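>>> From the sequence below, what's the structure:
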Amino acid sequence: NTTVGSLLEKSYGTVDCLTEISYDNVDNISEGCSDAIGNDHADIILKRSCVTIGSILRKSTCLRLLNLSNMRPNAALACSDNHLLVEDHVTAFARFITRHHMLPRLTHLRYLDFSYSGITELPDSLCTLCNLQVLGLRSCRFTQLPRSMNSLISLRHLYADADTIALIHGIGGLTKLQDLQEFRVKTEDGYRITELRDMRYIEGSLCISDLQRVTNQAEATEANLSGKEGIICLHLKWDRNKYLKGKYNHFGKELSKYDIGQKEPLHVILLQKNYTPSDISGPIVNPSTPDPAINILQCLLPPRNLQKLKIFGYPGCSFPDWVQGLRYIQVIEISHCIELQILPPIGQLEHLRKLKSYELPSIKDVSSDVYGTSNMVFRSLEELSFGSMVKWENWADAENREFFPNLQKLHINRCYNLRELPFMALGVGIKELSLSGCGSYCGTVSSYLHRLTCLTHLKVNDCSKKLILPCQKLVSLEYLHLSNCKELCVEGGILC
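Residues are numbered from 1 along each chain as shown. A predicted model of the protein is given here:
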């Protein structure tokens, strides 16, 4: 866990060192309360704590830190004399603290933590703490928050669940906020994506969900993602189920079953046996046809220093040009994009180390356009994964160019219609190879295995062709998993 000191060091230097703060002869407010609530005399201690803490806080107008987190008691101890149960004491104490009139007096408070306290409401008076820099609300459950939460203009760090953050009206007023776990777009004023406009100090990771609620390009542009240079990981999410509803989701609940770990998604079988291509993917991309999804995504240009990009449920047919210009990108994950028909030209991204693409049922070809024009393709890529691309048939060869010179992990799962893999171009330095639900390409796997002397992990599932395992060549193999292989031949003995 991050210490209070390290949290405050991340701020802008306006907070005094905690060891220099005087608490009016109180050694540790938070520990005293937590210990007291958990003993056999919780009912008596509760009353004493409330009186004592109330008295202290009325006098301690220069208090900088108030930590009331982790106040959960030990097992269910009951109090005598028809008093409250211990669990109720926690709630009662939290209610006392939040409803007490002392909060507006703590004008110098910098750090306030209610995490794991059982608190279920916050008082309006909290919003008067204009110097508050750190607010902890982890594992707190709220149905509503004060309307003026965005008045905490000095707040740098907000530690809360995504559900709690989504309740903050006009969160864009917290312009100094550095941590934002997730921003859920809504259509109401105060919750639109435009709230992100002036939040230029956000750093680390940012997830923006429910992007289907962005109504136009102007809203997306106003969010000013490119101006948030501290963001290194960006996750863009559309609600796939809402987008599919009434459009071409013939499978009903089956689509969501895959999300909770079904071994074999039913919609794969439905797609292969019962539906034509137009049922799931629509027509091939027509450049003259407007694509509102790509117009929105075009305006969500990320900061230039972005290192990780995750795109989930994007409803467009192709990606905007800025994807190929992510100069420092190291990880790209594209998933559950039902309409996507063209992968972006990312073969020239020189720092890209990991590429994952799965649940892209409209992709039929990975063409040479993905590679770009340079003689070296995916020069830094170490891990490549494709999964549940049920219509994928062709994977273009790199011809005479250097292809994946540093590739170490290759995973291809449930790509049933893939005809051929460019094995000769994939290199011999692969250490981990996983093939599942193999297409007709599995007939060429055996010849490729002869070259993989560095291979340490091999997993092959559902291979319908003859598989020859060249044990004498696989001298570095440490892990082997084979299942549902129609015809298996071990060459050289399993112990060689």
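>>> Please report the distance of residue 366 from residue 393.
10 Å (Cβ to Cβ, to the nearest Å). C-beta here means a position set from N, CA and C on the backbone, and glycine is covered the same way.
>>> more crowded one of the two?
Set side by side, residue 366 and residue 393 show more neighbours around residue 366, with 20 against 17, by other Cβ atoms under 10 Å.
>>> The more buried one against residue 345, yeah?
No - between residue 366 and residue 345 there is no contact under Cβ atoms under 8 Å: 11.2 Å.
>>> What segments of the stretch 301-450 of the chain are helices?
For the stretch 301-450 of the chain, the helices defined by DSSP state H, counting those that start in this stretch occupy 445-449.
>>> if I pick residue 490, what's in contact with it?
If a contact means Cβ atoms under 8 Å, 6 or more residues apart in numbering, then residue 490 has 469, 471 as its contacts.
>>> no no, residue 171
149, 150, 165, 177, 183, 195, 199.
>>> again, only using 6 Å
residue 195 (Cβ atoms under 6 Å, 6 or more residues apart in numbering).
>>> what does the one 4 residues further on give?
By Cβ under 6 Å, 6+ apart, residue 175 lies in contact with residue 198.
>>> Distance check, it against residue 190.
To residue 190, residue 175 is 15 Å away according to Cβ to Cβ.
>>> Need the phi and psi values for the nearest residue to residue 483 once chain neighbours are set aside.
What sits nearest to residue 483 in space, not counting adjacent residues and going by Cβ to Cβ, 6 or more residues apart in numbering, is residue 461, at 5.0 Å. When read as degrees, to the nearest 10, the backbone of residue 461 gives phi -120, psi 140.
>>> next one: residue 222
phi -70, psi -20.
>>> ditto for residue 199
phi -90, psi 70.
>>> Could you report the neighbour count for it?
Residue 199: 22 neighbours (other Cβ under 10 Å).
>>> what about it, distance to residue 132?
Distance from residue 199 to residue 132, by Cβ to Cβ: 17 Å.
>>> One more: residue 395?
Per Cβ to Cβ, residue 395 is found 54 Å from residue 132.
>>> Poorly predicted segments of the stretch 151-300 of the chain, please.
242-290 (pLDDT under 70).
>>> Just the buried residues of stretch 396-407, please?
Neighbour-count burial for stretch 396-407, counted by 16 or more other Cβ atoms under 10 Å, picks out 397, 398, 401, 403, 404, 407.
>>> Identify, from these, the entry nearest to residue 115.
residue 407 (43.0 Å; Cβ to Cβ).
>>> min pLDDT across the buried residues of stretch 396-407, which one?
In terms of pLDDT, the lowest of the buried residues of stretch 396-407 is residue 398, showing 69.
>>> Surely residue 294 is within a helix?
Yes - remark: residue 294 belongs to a helix, assigned using DSSP: H, G, I helix; E, B strand; the rest coil.
>>> where in the stretch 1-150 of the chain is pLDDT low?
Ranges of the stretch 1-150 of the chain meeting pLDDT under 70: 1-50, 71-95, 97-101.
>>> before we move on, what about the stretch 301-450 of the chain?
In the stretch 301-450 of the chain (pLDDT under 70), the answer is 398, 400.
>>> what ranges do the strands span in it?
308-312, 331-335, 354-358, 365-366, 376-377, 383-387, 394-395, 402-403, 409-413, 432-436 (DSSP state E, counting those that start in this stretch).
>>> Output stretch 63-71 as PDB, nothing but the C-alphas.
Backbone C-alpha positions of stretch 63-71 (Å, rounded to 0.1, in the frame of the first residue of the first chain) are rendered in PDB as follows:
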ATOM      1  CA  LEU A  63      -5.100  19.500  11.700                       C
ATOM      2  CA  ARG A  64      -3.500  18.300   8.400                       C
ATOM      3  CA  LEU A  65      -4.200  14.600   8.500                       C
ATOM      4  CA  LEU A  66      -7.300  12.600   9.600                       C
ATOM      5  CA  ASN A  67      -7.200   8.900   9.000                       C
ATOM      6  CA  LEU A  68     -10.400   7.000   9.900                       C
ATOM      7  CA  SER A  69      -9.900   4.000   7.600                       C
ATOM      8  CA  ASN A  70     -10.000   0.300   8.400                       C
ATOM      9  CA  MET A  71     -12.400   0.700  11.200                       C
END
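>>> List the buried residues in it.
In stretch 63-71, counting by 16+ other Cβ under 10 Å, buried: 63, 64, 65, 66, 67, 68, 69, 71.
>>> biggest separation within the residues you listed, which pair?
Between all members of the buried residues of stretch 63-71, the farthest pair (by Cβ to Cβ) comes out as 64 and 71, at 20.3 Å.
>>> Mind checking which of residue 395 and residue 132 has more residues around it?
A count of neighbours by other Cβ under 10 Å puts residue 132 above the other of residue 395 and residue 132, at 24 against 19.
>>> secondary structure element for that one?
Using DSSP states H and E, residue 132 is not contained in any helix or strand.
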